[in-house]
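Asks: coordinates only, no sequence provided:
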């Protein structure tokens, strides 16, 4: 059963990788755009990464590894999809940086204990059959004092759950958004943990894509669209983000965000 799940994930992401044009990827936008609040939060917690050895788990098209390599980190880009690893290497070459690429299973990493200064993972854990095993592996391969930095979707928001039921062709059948209570497990595993959640009122942008702009959720990945079109979305996003900052102060409201970002120190 586990092997079947992993094989479906690999096949889906290999097929996606085959359709990616690296020339169209603006790497910096994935970390510096106003519509990338998760990565902006993570960058504030990471500190100086020059010379640091960084493991990019679930590297996808390689935007993360390439961005960090440009900041001076030594990056190992890993994914369960060989196709995605190849795309990441192509993106690195197109951006004039070097990264190492490897196919890897996040639940059984082929690296010694205490290897990396940083482990980064974006949108990975909800694709893992048992996220806690992957978190243990992140902890194991980190050096003492090293940081695990990751962000993933949460399961609690009814609006985003409707979107998930519609966008079946751009999502894998096995993925499972996280319960916010996974923070309790992370806190038990790591010595220090900081986190925040993002996209509550700002999810109006998703509704606008569907209701007003008629963007087909099975033909356009909304979570990519918000980055690609960040310049035109900035005015409305920044207004709604201010409202989100107030909403999140209400008890229990953080759980209704779309995504959670975590930085945990070993």
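Replies: Now that the structure is in, tell me what you want to look at. Worth saying up front: this structure is predicted, and the values here are computed from it rather than measured.
Asks: could I get the full set of helices for the protein?
Replies: Ranges of helices within the chain are 2-18, 29-32, 37-46, 63-70, 82-94, 131-141, 158-166, 182-189, 204-207, 222-228, 230-247, based on DSSP state H.
Asks: and the residue lying closest to residue 108 once chain neighbours are set aside, how many neighbours?
Replies: Beyond its immediate neighbours in the sequence, the residue positioned closest to residue 108 (CB to CB, 6 or more residues apart in numbering) is residue 137, lying 7.1 Å away. In short, each C-beta sits where N, CA and C put it, glycine included. Other residues lying near residue 137 total 22 when counted by other CB atoms under 10 Å.
Asks: for residue 96, see how far away residue 137 is.
Replies: Separation of residue 137 from residue 96 (CB to CB, to the nearest Å): 31 Å.
Asks: next: residue 148.
Replies: Separation of residue 148 from residue 96 (CB to CB) stands at 28 Å.
Asks: and what of residue 103?
Replies: According to CB to CB, residue 103 and residue 96 sit 24 Å apart.
Asks: likewise for residue 213?
Replies: From residue 213 across to residue 96, the span is 35 Å (CB to CB).
Asks: of residue 148 and residue 96, which one has the most company?
Replies: Using other CB under 10 Å as the criterion, residue 148 and residue 96 rank with residue 148 on top: 26 against 9.
Asks: show residues contacting stretch 210-228.
Replies: 26, 29-30, 33, 35-36, 123, 163, 166-170, 205-206, 209, 233, 237 (CB atoms under 8 Å, 6 or more residues apart in numbering).
Asks: buried ones in it, by neighbour count?
Replies: Within stretch 210-228, the residues that qualify as buried by neighbour count (16 or more other CB atoms under 10 Å) are 210, 217, 220-223, 225-228.
Asks: pLDDT for those - can I get that in TSV?
Replies: Listed next are those as TSV, based on pLDDT from 0 to 100:
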residue	pLDDT
210	95
217	95
220	93
221	93
222	95
223	93
225	96
226	97
227	96
228	95
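Asks: show me which of the contacts of stretch 210-228 are buried.
Replies: For the contacts of stretch 210-228, buried by 16+ other CB under 10 Å: 29-30, 33, 35-36, 123, 163, 167, 170, 205-206, 209, 233, 237.
Asks: tell me the least confident of those?
Replies: Looking at those by pLDDT, the weakest one is residue 170, with 88.
Asks: now it, nearest residue through space, not along the chain?
Replies: residue 221 (5.0 Å).
Asks: picking up where we left off before, OK, contacts around the residue nearest to residue 108?
Replies: 106-109.
Asks: now do 7 Å
Replies: 106-107, 109 (CB atoms under 7 Å, 6 or more residues apart in numbering).
Asks: what's the answer for residue 33, then?
Replies: By CB under 7 Å, 6+ apart, the contact set of residue 33 is 227, 230.
Asks: which ones are touching the most centrally placed residue in the chain?
Replies: Taking CA atoms, centre = their mean, the centroid of the chain lies closest to residue 122, which sits 1.8 Å from it. Residue 122 makes contact with 64, 150-151, according to CB under 7 Å, 6+ apart.
Asks: ok, residue 205 next?
Replies: 226, 233, 236-237.
Asks: likewise for residue 73?
Replies: Residue 73 neighbours (CB under 7 Å, 6+ apart): 49, 52, 54.
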